[in-house]
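Peer 1: Structure here, sequence nowhere to be found:
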């Protein structure tokens, strides 16, 4: 299976991975969540090459994750903004950050600190159950595949 | 900046992205969270080529995200298990799944359904504030960079 075939996959993880599961797309998202909107800022602050950055932004725009907005007509200039669909990828970036803060950071002081506006406290958002509100991790859930997904896997196993 | 330079980045998102922010590594993680442990199963169920799969598993093993365990001496056979460090990447996969379920699934029935063992209910884990327990999203937090991270970005901006 090629990477692009994943877009046809029944699994929504696979399809999301195909869309944004890639170094520079994730770095662009991080940077946009930190507030960068202009091509040059995104380029310098992610370290992505201009060519790759332009390619990735086009893809993210085609997927309606970012949108281009004009901010000057003369000279023509535009900036990039996350759409609602794009902002909804925030938990992906936060999950990557949490893991890095826990397993890769030796300083004990995370490079990015979040404060929850509503409660005013420093926060390290984590996954909680949507039904009971308690924290959940890999071991606290059981998994059930939909009939379509189960068929898909059975076919692969043949 | 090349992809590998990200591993030296101050930002823990960048360093995590460098390690696992890649199509097949994320697909391997999904598959291991679904319970697959053997090379052949991982290969068929992710659709990854044997060559790439072997390469990615070696990298994940080197990063102590997966470990190889022998399950037969004659013939010699081993399987792959997630380490604690690897299991802690679960929120990344769940965040990708949630996004896909919301934005890419047209059926309304997610291909993978999770049940929270403790409360017995179907769950769609989401990010909550570690301080007050309320749900959080991109707009409910403010961001502060550590002095080191701020210096790093100021250098890039020069």
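Peer 2: Here it is on my side, so go on. All values derive from a computational prediction rather than experimental measurement.

Peer 1: Can you get me a residue count around the closest residue to residue A:117 other than its chain neighbours?
Peer 2: Using C-beta to C-beta, 6 or more residues apart in numbering or on different chains and skipping the chain neighbours, the partner closest in space to residue A:117 is residue B:140 (5.5 Å). Every residue, glycine included, has its C-beta placed from N, CA and C. Residues near residue B:140, counting by other C-beta atoms under 10 Å in any protein chain shown, number 19.

Peer 1: do the same with the one 3 residues further on
Peer 2: Counted by other C-beta under 10 Å, the residues lying close to residue B:143 total 12.

Peer 1: which ones are touching it?
Peer 2: Residue B:143 sits next to A:33, A:34, A:35, A:112, A:113, A:114 when contact means C-beta atoms under 8 Å, 6 or more residues apart in numbering or on different chains.

Peer 1: Any chance of the residues you listed in a markdown table with neighbour count and pLDDT as columns?
Peer 2: Formatted as a markdown table, these follow (neighbours: other C-beta atoms under 10 Å in any protein chain shown; pLDDT from 0 to 100):
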| residue | neighbour count | pLDDT |
| --- | --- | --- |
| A:33 | 21 | 97 |
| A:34 | 17 | 96 |
| A:35 | 9 | 95 |
| A:112 | 21 | 96 |
| A:113 | 17 | 96 |
| A:114 | 21 | 97 |
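
Peer 1: In those residues, find the pair that's most separated.
Peer 2: Spatial extent of these (C-beta to C-beta) is set by the pair A:35 and A:113 at 14.8 Å.

Peer 1: And the helix or strand of chain A with the lowest mean pLDDT, how far out from the chain middle?
Peer 2: One helix or strand of chain A scores below all others by mean pLDDT, DSSP states H and E: helix A:147-157, with a mean of 87. Taking C-alpha atoms, centre = their mean, to the nearest Å, one finds the center of helix A:147-157 at 27 Å from the center of the full chain.

Peer 1: mind listing what's buried in it?
Peer 2: Neighbour-count burial for helix A:147-157, counted by 16 or more other C-beta atoms under 10 Å in any protein chain shown, picks out A:149, A:152, A:153.

Peer 1: tally of neighbours for the nearest residue to the last one once chain neighbours are set aside?
Peer 2: The one in question is residue A:153. Spatial nearest neighbour of residue A:153, chain neighbours left out: residue B:45 (5.9 Å); criterion: C-beta to C-beta, 6+ apart. By other C-beta under 10 Å, 20 other residues sit near residue B:45.

Peer 1: Just the pLDDT at residue B:45, thanks.
Peer 2: The model reports residue B:45 with a pLDDT of 93.

Peer 1: For the one helix or strand it maps to, report the contacting residues that lie outside it.
Peer 2: Residue B:45 is part of helix B:39-46, with elements assigned from DSSP states H and E. Residues from elsewhere that reach helix B:39-46 (C-beta under 8 Å, 6+ apart): A:1, A:153, A:156-157, B:24, B:27-28, B:30-32, B:34, B:36, B:48-50, B:53-54, B:57, B:79-80.

Peer 1: one more time with 7 Å
Peer 2: Helix B:39-46 has contacts (C-beta atoms under 7 Å, 6 or more residues apart in numbering or on different chains) with A:153, A:156, A:157, B:24, B:27, B:28, B:31, B:36, B:50, B:53.
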